[in-house]
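**Student:** below is the structure, and that's it, no one-letter string:
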């Protein structure tokens, strides 16, 4: 067994999130996409998606980093952004180059930002100040086909105490592995002890997997394992199911179709088994994700999104076509590409083009059409070119009762939930979705109106508009946890406001797909920001433009009543109401 030792002072602070009831680690809280901010058009610049709220807050921000396919970021355990990378360099939370992070993957012969899942960031076990960045380094290979190949997997270590708390690289571009490796597909899964991390690195055109274990002592190499038949490697994704019981590797190879490999995974030993090699006839840019309940696999193929039941005796026969690309342009084709499970329990999917939308699966734990797949359902304030951040499941606890459950950690549940109004023209009906972690077994809802439910994901019809305090208590054999949120039902906190010197015309109202804004008292160079909120006051869309007029494409929104908030860059603000039919 080979061990990669790190030279650092070991701090006694232990991160054992599975021990802490009521704690919801948020390492994947902030997603970043977009370009740098040097272009003259407002379509350029960065987009920040912050999952501290539900739905997430999506804003435009100025920064220097361009994102392409390769993308990773990490927040602290409470959700505050720490640093991020595009595989070329690392930036800190102030958008400056991280100390010592100016060069990642030091090989100028090839583009380093084109590998899906080409970077993976993990918190270092039992060291609250340290993080490990695993990254694939590409090399231009002139023979035999003159294309890029991955011959190295590297790692770098970050100490967040450096540079006055902004962080710094203390070990840079260290060689983890030298071999002919698959494009990116770096992913990880919590060890069954609830503390350590398994990392699998697939070999190119091979059923061999290099296996590593990240522990408080460093990175241990457990060699390679070979399971099943060799696929043909190309672009794609690899991932563990959220419960850690499955590992999926998906490659799409042009006209040859897709190569889907599904394995059982042993979280104690890191061993893959029971491989199912499935050949798919669909062609197109590939993406993959698994539902929070670990039952449903979602595969994207450019023009199609399919769902498969991982619990079926015949996974291929369980295939359901969820959607075919509808031809929407924003401004390019919004084809289907990479998928990522988010902290809000939804699946987000980018496009294999430069566009300002994402697709979304609202209820991925449900089969077929009930999963609510929505094309171009997320509006981005800036253009995004094929980029999707890569995150493992940071919220997986120990495998209680297993032979390697040796650290005394328990799955003490942590309560969390979200809510939606699927039809805002009937705004008293609210759908609740449980997001609790660490294996809750029972659910007790208090809807704040004297009624409740023991269902996991209930719907509730309120008797009247108002603000209700909704509480969820979850429990299992190890303990219980509760959380409460104020839920606004059937009312909006905003009154219509139009300041002097700023006239806003919105037409048509009611509208079906396009909402046209005309704003007087605004110069051609001035920037106008508009946020659209539902009746509960939650942001559902936002846009920005310069000048007095803009047409806003909003056909993806469900029918209902919405409030807009318009702000000019000189501080003037207007608020009004629109209806979508």
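**Tutor:** Arrived safely, thanks for sending. Please read these numbers as outputs of a predicted model, since none were measured by experiment.
**Student:** where do the helices sit along the chain?
**Tutor:** Remark: helices assigned in the chain by DSSP state H are 162-165.
**Student:** any stretches of it with poor pLDDT?
**Tutor:** The model of the chain has pLDDT under 70 over residues 1-22, 38-40, 143-146, 424-425, 491-501, 536.
**Student:** show me how it divides into domains.
**Tutor:** Domain assignment for the chain, taken from automatic domain parsing, gives 28-385, 417-489, 503-580.
**Student:** between these, which one is nearest to residue 392?
**Tutor:** Residue 392 sits nearest to domain 28-385 of all the domains of the chain, at 4.4 Å, using C-beta to C-beta. (Each C-beta comes from the backbone N, C-alpha and C, glycine too.)
**Student:** could I get the domains of the chain as JSON lines with mean neighbour count and distance to residue 395?
**Tutor:** Shown next, in JSON lines, are those (neighbours: other C-beta atoms under 10 Å; distance: least, C-beta to C-beta, whole Å):
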{"stretch": "domain 28-385", "mean neighbour count": "19", "distance to residue 395": "8"}
{"stretch": "domain 417-489", "mean neighbour count": "17", "distance to residue 395": "5"}
{"stretch": "domain 503-580", "mean neighbour count": "17", "distance to residue 395": "23"}
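**Student:** so residue 118 makes contact with residue 133?
**Tutor:** No. If you go by C-beta atoms under 8 Å, residue 118 and residue 133 don't touch, sitting 11.0 Å apart.
**Student:** quick one, what contacts residue 118?
**Tutor:** The neighbours of residue 118, taking C-beta atoms under 8 Å, 6 or more residues apart in numbering as the test, are 69-70, 87, 112, 135-136, 183-184, 186, 390.
**Student:** same check on residue 188?
**Tutor:** By C-beta under 8 Å, 6+ apart, the residues touching residue 188 are 120, 122, 197-200, 214, 240, 392.
**Student:** taking these one by one, which sit in strands?
**Tutor:** Those of the contacts of residue 188 mapping onto strands are 120, 122, 197-200, 214, 240, per DSSP state E.
**Student:** farthest-separated two in those?
**Tutor:** Largest separation among the ones in strands among the contacts of residue 188 by C-beta to C-beta: 214 and 240, giving 14.4 Å.
**Student:** show me the strands in the stretch 301-450 of the chain, by range?
**Tutor:** Along the stretch 301-450 of the chain, counting by DSSP state E, counting those that start in this stretch, strands occupy 304-309, 320-324, 339-341, 347-349, 354-361, 373-385, 417-420, 429-434, 442-446.
**Student:** dump these to TSV, plus distance to residue 553.
**Tutor:** Compiled in TSV, the strands of the stretch 301-450 of the chain are given as follows (distance: least, C-beta to C-beta, whole Å):
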stretch	distance to residue 553
strand 304-309	21
strand 320-324	18
strand 339-341	23
strand 347-349	18
strand 354-361	9
strand 373-385	8
strand 417-420	22
strand 429-434	26
strand 442-446	37
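**Student:** quick one: closest of these to residue 463.
**Tutor:** Across these, closest to residue 463 is strand 429-434 (C-beta to C-beta), at 11.5 Å.
**Student:** just the angle between that closest one and strand 442-446, please?
**Tutor:** In terms of direction (axes from the mean of the first three to the mean of the last three C-alpha atoms, to 10 degrees), strand 429-434 departs from strand 442-446 by 150 degrees.
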